[in-house]
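Engineer: My questions are about this predicted structure, shown below with the sequence.
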Amino acid sequence: MDKTKPAPTERREFTKAFKQEAVTRLKATDNATALALELGVRRNVLYKWAETLEKAGAEKAFNGPGRPLAQDEDELTRLRRENERLKMENTILKKADAYFAKRKP
């Protein structure tokens with residue numbers, strides 16, 4: 001087994017500064033594979049970090065373990081609950097419409 005690669009179950013965490021520096025170096029280099037080997041990460045991870053940094057901006061990118069902030073999560077949970085309620089009401093109305101359509105003489 002190749003000892004240069006981490007075990008598949010091993011999860012490593014990188015700091016925000018490390019990711020930003022890696023993306024800066026990625027933009028400056030022509031050889032992403034060599035950079036990935038030097039930093040000890042996979043090449044596709046470098047590209048994902050670059051995409052995240054481009055989409056979110058320097059301030060909002062890499063701010064934690066991927067879970068939304070508590071206030072955002074609460075709103076998301078509320079909206080999901082409301083969406084389920086509306087789906088249920090829509091289903092009930094469709095069934096009622098079908099029932100009353102059958103009853104018409």
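Structural biologist: The structure has been received and is ready for your questions. Values in this document were obtained by computation on a predicted structure and should not be read as measured data. Numbering: from 1, shown residues only.

Engineer: What mean pLDDT does the strand or helix carrying residue 89 get?
Structural biologist: Here residue 89 is covered by helix 70-103, with elements defined by DSSP states H and E. Averaged over helix 70-103, pLDDT sits at 88.

Engineer: So which bits of that helix are buried?
Structural biologist: For helix 70-103, burial by neighbour count (16 or more other C-beta atoms under 10 Å) applies to no residue. C-beta here means a position set from N, CA and C on the backbone, and glycine is covered the same way.

Engineer: do the same with stretch 21-30
Structural biologist: 22, 23, 26.

Engineer: For the first one, list the residues it contacts.
Structural biologist: With contacts taken as C-beta atoms under 8 Å, 6 or more residues apart in numbering, residue 22 has the following neighbours: 14, 35, 39, 41, 46, 49.

Engineer: buried subset of the residues you listed?
Structural biologist: Neighbour-count burial (16+ other C-beta under 10 Å) is assigned, among those, to 35, 39, 41, 46, 49.

Engineer: Now, these that are in helices?
Structural biologist: If you go by DSSP state H, the buried ones among the contacts of residue 22 have 35, 39, 46, 49 in helices.

Engineer: Was I right to think the first one contacts residue 29?
Structural biologist: In other words, residue 35. Yes. When contacts are counted by C-beta atoms under 8 Å, residue 35 is listed as touching residue 29 (5.3 Å).

Engineer: any common contacting residues for those two?
Structural biologist: When contacts are counted by C-beta under 8 Å, 6+ apart, the set common to residue 35 and residue 29 is empty.

Engineer: Once you drop chain neighbours, what's closest to residue 42?
Structural biologist: Spatial nearest neighbour of residue 42, excluding adjacent residues (C-beta to C-beta, 6 or more residues apart in numbering): residue 36 at 6.0 Å.

Engineer: now that neighbour: how far from residue 93?
Structural biologist: 55 Å (C-beta to C-beta, to the nearest Å).

Engineer: Same question for residue 16.
Structural biologist: 49 Å.

Engineer: Kindly report the same for residue 50.
Structural biologist: For residue 50, the distance to residue 93 - C-beta to C-beta - is 48 Å.

Engineer: Ok, residue 85 next?
Structural biologist: Distance from residue 85 to residue 93, by C-beta to C-beta: 13 Å.
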